[in-house]
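Participant: using only what follows, build the 3D model:
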Amino acid sequence: MSSEEIRKKFRDFFEKKHDHKWVNSSSLIPDDPSVLLTTAGMQQFKRYYTGELDAMKDFGSKNTVSIQKSFRTSDIDEVGDETHNTFFEMLGHFSFGDYFKKETIEWEYEFLTNVLNISPDRISATVFAGDEGIPFDKESYDIWSRLLPADRIRRGSREDNVWGPAGSEGPCGAANEVYVDNVEIGTLVFMEYYSAQDKSLTPLLKKGVDVGLGLERLAMKVQNVPTIFETDLFQKPFGFRLIAIGGVDIRYNRIFADHLRASIFLIADGVKPLNKDAGYILRRLIRRTVVSLHKMGLSGSGSESTLATSLDKVIDYYGSFYNELLTSRELTKQTWLDEKIKFEKTLEMGLKEFEARYPALRAQTLKPGESYRIQVPQNISGKDAFDLHQSYGFTIDVLRDLAREGIHKIDERGFEEEFRKHKEISRAGSEKKFGGHGLILDTGELKAGSEEELKKVLRLHTATHLLQQALREVLGKEVQQRGSDITAERTRFDFSFPRKLTSEEIKKVEDLVNQKVKENLPVSFVELPKAEAEKVGALHFFSAKGGSASGGKEKYPDKVKVYFVGKSLDTAWSKEFCGGPHVKRTGEIGKFKIIKEEAVGSGTRRIRGMVE
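Facilitator: Numbers count the residues shown, from 1 in each chain. You can find the predicted model right below:
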């Protein structure tokens with residue numbers, strides 16, 4: 001059974017069970033400032049579990065089904081073994097106050113045995129053993145007992161059998177883990193609590209279900225192959241490149257495949273190689289892939305040919321299900337080539353330097369009369385590791401791979417300490433230059449230096465959306481955004497308009513914004529193809545960086561987020577292309593005040609505003 005068939009059977013099965021409504025995968029860049037990337041299928045549904053949003057109103061059902069693009073770095077060191085990935089597809093079904101444990105467990109078992117034809121004697125499960133915070137999950141244990149023998153139902157700890165929240169706070173609950181041949185293929189989370197930032201738990205008003213099955217591991221078991229890299233998910237786009245040749249460690253071939261695939265999906269969702277946040281994760285992936293190519297004996301023109309072929313094959317193979325890969329093909333290839341060239345300038349020298357300092361443990365060929373010289377594994381100091389990072393661009397993942405070859409050990413705590421010192425020096429320089437901003441959040445338009453500042457920035461960001469719509473209502477549709485810049489102290493919004501605003505106009509704009517704040521409207525988003533988003537009337541003008549000076553319109557991806565203020569997209573008072581993040585309701589903004597209106601160029605005005 002192909003992976004494509006597994007996807008289809010999963011969707012069909014749950015659309016027929018309790019009226020699950022299909023929801024497309026959300027972006028890998030989440031609408032959640034507490035996490036860098038989307039780590040689970042439930043992330044786009046968090047506000048339905050808490051009751052802030054109504055599933056019946058938005059989907060026509062309390063239940064949904066999706067196949068979510070997901071990304072986790074927690075297992076990045078394990079990539080290269082039989083079962084671990086960074087990017088993966090999560091087959092998920094969710095309930096917001098409808099069915100609960102009995103239906104969930106029985107449907108999972110039915111799907112595995114009747115639909116995927118997995119023999120029952122290959123299946124086992126774990127349930128939460130209980131602790132002082134959450135009791136033993138006896139209900140799940142009893143349900144599984146009707147399906148499996150007692151020796152294949154284990155009791156697990158909080159670490160393995162309590163899931164959530166996704167981020168610093170949110171819904172969570174006891175979880176069942178499902179195994180096939182002792183390989184975990186899915187998690188059934190029963191959302192019963194809201195976990196606050198201090199880890200305290202309060203019961204949710206409505207219980208929910210969050211199920212995620214990993215497609216890669218599921219395909220491995222359905223297709224009866226020993227590793228995920230031998231499923232069609234990897235064999236179709238990579239094929240022979242996943243076979244170790246000439247004594248090359250097979251891990252490098254697998255890292256190459258996993259990281260190349262993952263980086264393609266990140267780039268398609270708008271991530272760029274940078275030295276911070278999601279951009280740094282992408283840079284780590286690309287650089288580790290380049291090292292893997294080198295270790296596979298592919299350098300120079302050989303590596304570029306392999307890379308180009310693999311990029312196209314991955315895009316073609318996955319593009320049939322994730323269309324955004326096809327539309328971002330040229331951007332992906334150019335991003336990859338640019339980063340590869342940049343890193344290769346120091347790669348060769350860096351590898352030679354590492355080998356000179358920390359030689360691999362190799363068998364020695366002795367000449368007559370010579371005795372063995374015993375090479376001893378060395379500890380790589382944190383200072384040395386950071387020096388290699390700074391001088392040659394080696395990320396910690398690359399350093400770990402190289403150290404593993406020589407059975408050396410890295411002082412990672414020392415490396416982190418050196419990294420911290422470097423960041424403090426950079427931070428001091430940043431504070432001098434930018435007044436303390438650009439540390440926690442810096443997207444070009446939004447800047448925050450602490451958690452407290454981040455909250456203020458979110459209030460001002462949403463207020464800026466209200467400001468733009470208010471300007472258009474008071475002054476007319478000729479108002480178009482020319483740029484914005486938001487810090488914890490103020491918002492600065494540039495827009496097209498031919499003259500100075502009167503005091504009456506300024507007051508009308510300010511009053512209109514505060515009226516919408518008072519109405520406490522919900523703030524939500526949808527992801528749509530760009531053409532469809534344009535049709536619904538979402539505003540999309542100029543970026544802060546492009547601005548009127550360059551005269552260039554913002555280049556949006558083919559799939560965009562549209563944030564809207566109101567109960568639905570159709571009736572929304574304000575709707576714009578935007579990457580987020582925002583407050584959840586306009587009432588969180590507080591009182592908005594325009595503090596200055598001025599000219600910044602011919603036909604362009606600037607408003608500075610603040611919230612109290």
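
Participant: now do the strands in the stretch 251-400 of the chain.
Facilitator: Secondary structure of the stretch 251-400 of the chain (DSSP state E, counting those that start in this stretch): strands located at 379-380.

Participant: any stretches of it with poor pLDDT?
Facilitator: Counting by pLDDT under 70, the stretch 251-400 of the chain has low-confidence residues at 299-302, 360-377.

Participant: just the helices in it please.
Facilitator: If you assign secondary structure with DSSP state H, counting those that start in this stretch, the helices in the stretch 251-400 of the chain sit at 277-295, 301-319, 324-327, 329-357, 382-392, 396-405.

Participant: give me the buried positions along the second one.
Facilitator: Think helix 301-319. If you call a residue buried by 16 or more other Cβ atoms under 10 Å, then helix 301-319 has these buried ones: 303, 306-307, 310-311, 313-315, 317-319. Backbone N, C-alpha and C define where each C-beta goes, glycine included.

Participant: does Lys17 lie in a helix or a strand, and which?
Facilitator: Under the criterion DSSP states H and E, no helix or strand holds Lys17.

Participant: surely Lys561 is in contact with Gly579?
Facilitator: Yes: proximity of Lys561 to Gly579 meets the contact threshold set by Cβ atoms under 8 Å, at 6.0 Å.

Participant: neighbour count winner among those two?
Facilitator: Lys561 (22 against 17; other Cβ atoms under 10 Å).

Participant: dig out what that one forms beta bridges with.
Facilitator: Using DSSP bridges, the bridge partners assigned to Lys561 are Glu527.

Participant: list the contacts for it?
Facilitator: By Cβ atoms under 8 Å, 6 or more residues apart in numbering, the contact list for Lys561 reads 27, 31, 525-527, 577-580.

Participant: 7 Å instead, please
Facilitator: By Cβ atoms under 7 Å, 6 or more residues apart in numbering, Lys561 lies in contact with 27, 525, 527, 578-580.

Participant: counting neighbours, which of those comes out on top?
Facilitator: Counting neighbours by other Cβ under 10 Å, Ser27 leads those with 24 neighbours.

Participant: after the helix or strand hosting Lys455 comes which helix or strand?
Facilitator: Lys455 belongs to helix 451-475 when assigned by DSSP H and E. Scanning forward in sequence from helix 451-475 by DSSP H and E, the next helix or strand is strand 481-486.

Participant: domains in the chain, by residue range?
Facilitator: Per automatic domain parsing, the structural domains of the chain span 3-229, 250-364+375-417, 447-611.

Participant: wait, Pro120 touches Thr113, no?
Facilitator: Yes: in terms of Cβ atoms under 7 Å, Pro120 counts as a neighbour of Thr113; the distance is 5.6 Å.

Participant: show me where the stretch 101-250 of the chain has helices.
Facilitator: Listed in chain order, the helices of the stretch 101-250 of the chain (DSSP H, counting those that start in this stretch) span residues 101-110, 138-145, 158-161, 215-222, 232-238, 250-268.

Participant: could you export those helices as TSV, including mean neighbour count and distance to Glu132?
Facilitator: Written out in TSV, the entries for the helices of the stretch 101-250 of the chain read as follows (neighbours: other Cβ atoms under 10 Å; distance: least, Cβ to Cβ, whole Å):
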stretch	mean neighbour count	distance to Glu132
helix 101-110	18	22
helix 138-145	18	16
helix 158-161	15	10
helix 215-222	23	32
helix 232-238	21	41
helix 250-268	25	38
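
Participant: can I get the ones you listed in TSV with distance to Leu298?
Facilitator: Shown next, in TSV, are the helices of the stretch 101-250 of the chain (distance: least, Cβ to Cβ, whole Å):
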stretch	distance to Leu298
helix 101-110	42
helix 138-145	48
helix 158-161	39
helix 215-222	25
helix 232-238	13
helix 250-268	9
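
Participant: any chance of the helices of the stretch 251-400 of the chain in JSON lines, plus distance to Arg11?
Facilitator: Supplementary listing: the helices of the stretch 251-400 of the chain in JSON lines, determined by distance: least, Cβ to Cβ, whole Å:
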{"stretch": "helix 277-295", "distance to Arg11": "28"}
{"stretch": "helix 301-319", "distance to Arg11": "17"}
{"stretch": "helix 324-327", "distance to Arg11": "19"}
{"stretch": "helix 329-357", "distance to Arg11": "26"}
{"stretch": "helix 382-392", "distance to Arg11": "44"}
{"stretch": "helix 396-405", "distance to Arg11": "35"}
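
Participant: tell me which of those helices is the most buried.
Facilitator: Per-residue neighbour counts averaged over each of those give the maximum for helix 277-295, namely a mean of 22 (mean count of other Cβ atoms under 10 Å).

Participant: which residues does that helix contact?
Facilitator: 29, 36-37, 73, 86, 248, 252, 255-256, 259-260, 262-263, 266, 271-274, 303, 306-307, 336, 339-340, 343-344, 347, 393, 395, 397-398, 401.

Participant: thinking again about what came up before, Lys221 is nearest to which of the helices of the stretch 251-400 of the chain?
Facilitator: The closest of the helices of the stretch 251-400 of the chain to Lys221 is helix 301-319. By Cβ to Cβ, the value is 20.8 Å.

Participant: thinking again about what came up before, any idea of the angle the helix holding Lys455 forms with strand 481-486?
Facilitator: 150 degrees (axes from the mean of the first three to the mean of the last three Cα atoms, to 10 degrees).

Participant: how about helix 451-475: buried residues?
Facilitator: Using 16+ other Cβ under 10 Å as the test for burial, helix 451-475 gives 453-454, 456-472, 474-475.

Participant: sorry, back to before: between the helices of the stretch 251-400 of the chain, which one is nearest to Arg492?
Facilitator: Taking Cβ to Cβ as the criterion, helix 277-295 is the member of the helices of the stretch 251-400 of the chain that comes nearest to Arg492, at 22.8 Å.

Participant: neighbours around Asn120, how many?
Facilitator: Just to correct that, residue 120 is Pro rather than Asn. By the criterion of other Cβ under 10 Å, Pro120 has 12 neighbours.

Participant: need the contact list for it.
Facilitator: Shown in contact with Pro120 (Cβ under 7 Å, 6+ apart): Thr113.

Participant: can you map out the helices along the stretch 451-600 of the chain?
Facilitator: According to DSSP H, counting those that start in this stretch, the helices that the stretch 451-600 of the chain contains are 451-475, 503-518, 530-535, 547-550.

Participant: give me the below-cutoff pLDDT ranges for the stretch 51-200 of the chain.
Facilitator: Scanning the stretch 51-200 of the chain for pLDDT under 70 picks out 166.

Participant: same thing but at 80, please
Facilitator: Low-confidence segments of the stretch 51-200 of the chain (pLDDT under 80): 75, 77, 80, 164, 166-168.

Participant: SS state for the nearest residue to Asp19 once chain neighbours are set aside?
Facilitator: Counting by Cβ to Cβ, 6 or more residues apart in numbering, Asp19 lies nearest to Ser61, which is 4.8 Å off, once chain neighbours are set aside. Reducing the assignment to helix, strand or coil with DSSP: H, G, I helix; E, B strand; the rest coil, the entry for Ser61 is coil.

Participant: phi first, then psi, for Ser61.
Facilitator: As for Ser61, its main-chain torsions (degrees, to the nearest 10) stand at phi -160, psi 160.

Participant: relative to Glu106, how far out is it?
Facilitator: 19 Å (Cβ to Cβ, to the nearest Å).

Participant: could I get the pLDDT score of Ser602?
Facilitator: According to the per-residue confidence, Ser602 scores 73 in pLDDT.

Participant: which residues touch it?
Facilitator: When contacts are taken as Cβ under 7 Å, 6+ apart, Ser602 is in contact with no other residue.

Participant: before we move on, the earlier item: out of the contacts of Lys561, which are inside strands?
Facilitator: 525, 527 (DSSP state E).

Participant: report how many residues lie close to Lys530.
Facilitator: 17.

Participant: so it sits right up against His540, yeah?
Facilitator: No: between Lys530 and His540 there is no contact, the gap being 8.4 Å when judged by Cβ under 7 Å.

Participant: show me what contacts the nearest residue to Arg288 once chain neighbours are set aside?
Facilitator: Excluding the flanking residues, the one nearest Arg288 by Cβ to Cβ, 6+ apart is Asp397, at 4.9 Å. The neighbours of Asp397, taking Cβ under 7 Å, 6+ apart as the test, are 76, 284, 288.
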